[in-house]
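*Asks:* need a structure here:
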Amino acid sequence: MKSVLIVEDKDSLAKMLLETMRSEGLEAEWIASGAEAIRRIRKGARYAAIVTDLRLPGASGTEVLREAKESDPDCPVIVMTGFGTIEDAVEAMKLGASDFIQKPVDIDYLILLIRRGIERRALVRQNMLLQEELSSRPRFPAIVGDSEIMLDVSKQVRRVAETDATVLLQGETGTGKELFARAIHELSARRDGPFVAINCAAIPDTLIENELFGHERGSFTGASGRQLGRFELADGGTVFLDEIGELGQPVQSKVLRVLQDHTFDRIGGGTPVEVDTRIICATNRDLAKLVGEGTFRDDLYYRISAFPIVVPPLRARRGDIDALARFFLEKCSKELGRRGISLSDEARAQLRDYDWPGNVRELENCIERALILADGDVIGPGDLRLGARGALPEELLRQAFDLSGTLDEAVSRVTTAVEEIRVREALARSGTRAQAAESLGISMRVLAAKMKELGIETN
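*Replies:* Okay, here's the model as predicted:
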């Protein structure tokens, strides 16, 4: 957290406050002019709290208070004066002062007010983040697996966690990239700070900038007050940008600025906001290919790929399937109230033999479904409902699809049929288009285009 700002024109009082705060473990700095305090605030300086005299050269404490609350509404501002009236106190509180105290100052009481204000500010932000956390709990609460490839990934995670390097997690949908991002955060020096995750593919282009960077009051219709974005909420912690390849280029530019300068502008704001956040990104797309196509900035790509980690698909770590199945069986058994259920040898063999296109997420869903379907205490192959593996017999393929014409024509007809089946299925099973897109491993933009192309409409 930034230091406490003291705005006081009397040297003796200011020095006493400065020394006392520092002796109490509070970082503090002193400015003797109200005009200078306002100048610094307008330039983007941020403080843990502000203690200001009411009567100051250059600008009054009331003006300092007004500017401070306009720049950072959550910043606690304590106004002190030797000539205060009830009217002064009422005006200060209306402008957002957290406290109004008379001189001579009781320094112990002032320290108490400062700590209380800082704690209140932290609680406000923690509550905002808690609401986010409760609405989207991580699907995989533990990293399970001791295959060689997973041990290598874990080793990379531990090493990069000790640094502040930007990390790019690459891998297919469902491999658990967010889990590894959380592991990096928890193993880092930022573990006591917030971890703020955002799925860039699940938020429309028109809203993503506001989600990431926030807005100022009056910046657009309906903006009745200032809103903090995810980067600001993650100050001192980690921002996880899942599916960063779905960001449009205007937002890519702002993310690049955060990486380079640790600053950004809220929508409608002219004063840069400084943040101290680590950025971890993830994607299931080939970003180098997107750079070549001109849809992803090359300078941003080079910055976020400073330390790439490839999260392997489940089919590449089959030795972990048994352990993962046991883990999900225990987890889902508790959630569903079905204790004492086990997997038969045949069921375990089928799990190991399946290719898992949906990766770890599909395995968890499979175990949960099997627990619901199983009649007895043992889950058999039929309860898994994985279906037949391998290619369809040629006669069934010919019955199902028109394979006439050129190879490209036949493939196009088959692809279109499969896309329509999968898209309709995903929309029917999911509560929202965002969930459907996630289950298909595509962005909402691609899903919308597919629906239009296939003539699929939803209410």
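
*Asks:* Low-confidence stretches in the protein?
*Replies:* 1, 84-86, 123-142, 387-400, 431, 458-459 (pLDDT under 70).

*Asks:* Look up which residues are beta-bridged to the residue most central in space within the chain.
*Replies:* With distances taken as CA atoms, centre = their mean, the residue of the chain nearest its centroid is residue 197 (1.5 Å). In this structure, residue 197 bridges to residue 240 when assessed by DSSP bridges.

*Asks:* That one and residue 178 touch, don't they?
*Replies:* Yes: the criterion here is CB atoms under 8 Å, and residue 197 meets it with residue 178 at 6.0 Å. Heads up, the C-betas are built off the backbone N, CA and C, glycines and all.

*Asks:* Provide a list of residues in contact with the residue nearest to the centre of the chain.
*Replies:* When contacts are counted by CB atoms under 8 Å, 6 or more residues apart in numbering, residue 197 touches 136, 178, 181, 239, 240, 242.

*Asks:* measure the third one to residue 223 for me?
*Replies:* With distances defined as CB to CB, to the nearest Å, the gap from residue 181 to residue 223 amounts to 31 Å.

*Asks:* Compare these two and say which is more crowded by neighbours.
*Replies:* A direct count of neighbours by other CB atoms under 10 Å for residue 181 and residue 223 places residue 181 higher, at 26 against 16.

*Asks:* That one is in what secondary structure piece?
*Replies:* According to DSSP states H and E, residue 181 maps onto helix 177-186.

*Asks:* re the thing from before, overlap in contacts, residue 197 and residue 178.
*Replies:* 240, 242.

*Asks:* Quick check: phi and psi on the closest residue to residue 380 other than its chain neighbours?
*Replies:* Spatial nearest neighbour of residue 380, excluding adjacent residues (CB to CB, 6 or more residues apart in numbering): residue 344 at 5.1 Å. Reported as degrees, to the nearest 10, the phi and psi values for residue 344 are phi -70, psi 160.

*Asks:* what's near enough to touch residue 344?
*Replies:* With CB under 8 Å, 6+ apart, residue 344 has these contacts: 378, 379, 380, 381.

*Asks:* Mind checking which of the residues you listed are in strands?
*Replies:* 378, 379 (DSSP state E).

*Asks:* Out of the contacts of residue 344, flag the one nearest to residue 121.
*Replies:* Residue 121 lies nearest to residue 379 out of the contacts of residue 344, by CB to CB, at 50.5 Å.

*Asks:* What residues are bridge-paired with the closest one?
*Replies:* With DSSP bridges as the rule, residue 379 is bridged to residue 343.

*Asks:* How much space separates residue 110 from residue 453?
*Replies:* Distance from residue 110 to residue 453, by CB to CB: 66 Å.

*Asks:* Between those two, which is the more surrounded one?
*Replies:* residue 110 (18 against 12).

*Asks:* Okay, and the more buried one sits in which element?
*Replies:* helix 107-135.

*Asks:* Next secondary structure element downstream of that helix?
*Replies:* helix 148-161.

*Asks:* which helices and strands does that next one pack with?
*Replies:* helix 177-186, strand 307-310 (3 or more CB pairs under 8 Å, 6 or more residues apart in numbering; DSSP states H and E).

*Asks:* Next, the buried residues of the shortest one.
*Replies:* Of all the residues in strand 307-310, those buried under the rule 16 or more other CB atoms under 10 Å are 307, 309.

*Asks:* mind listing what that strand pairs with, with the direction of each?
*Replies:* Strand 307-310 is paired, per DSSP bridges, with strand 167-170 (parallel).

*Asks:* How about residues contacting the strand it pairs with?
*Replies:* So strand 167-170 is contacted by 160, 177, 180-181, 184, 280-284, 287, 304-311 (CB under 8 Å, 6+ apart).

*Asks:* Let me know the secondary structure of residue 282.
*Replies:* strand (DSSP: H, G, I helix; E, B strand; the rest coil).

*Asks:* so how far is residue 22 from it?
*Replies:* 42 Å.

*Asks:* Who has more neighbours out of those two?
*Replies:* Comparing residue 282 with residue 22 by other CB under 10 Å, the one with more neighbours is residue 282, at 26 against 13.

*Asks:* Tell me who's in contact with that one.
*Replies:* 168, 169, 170, 171, 177, 178, 181, 240, 241, 242, 243, 244.
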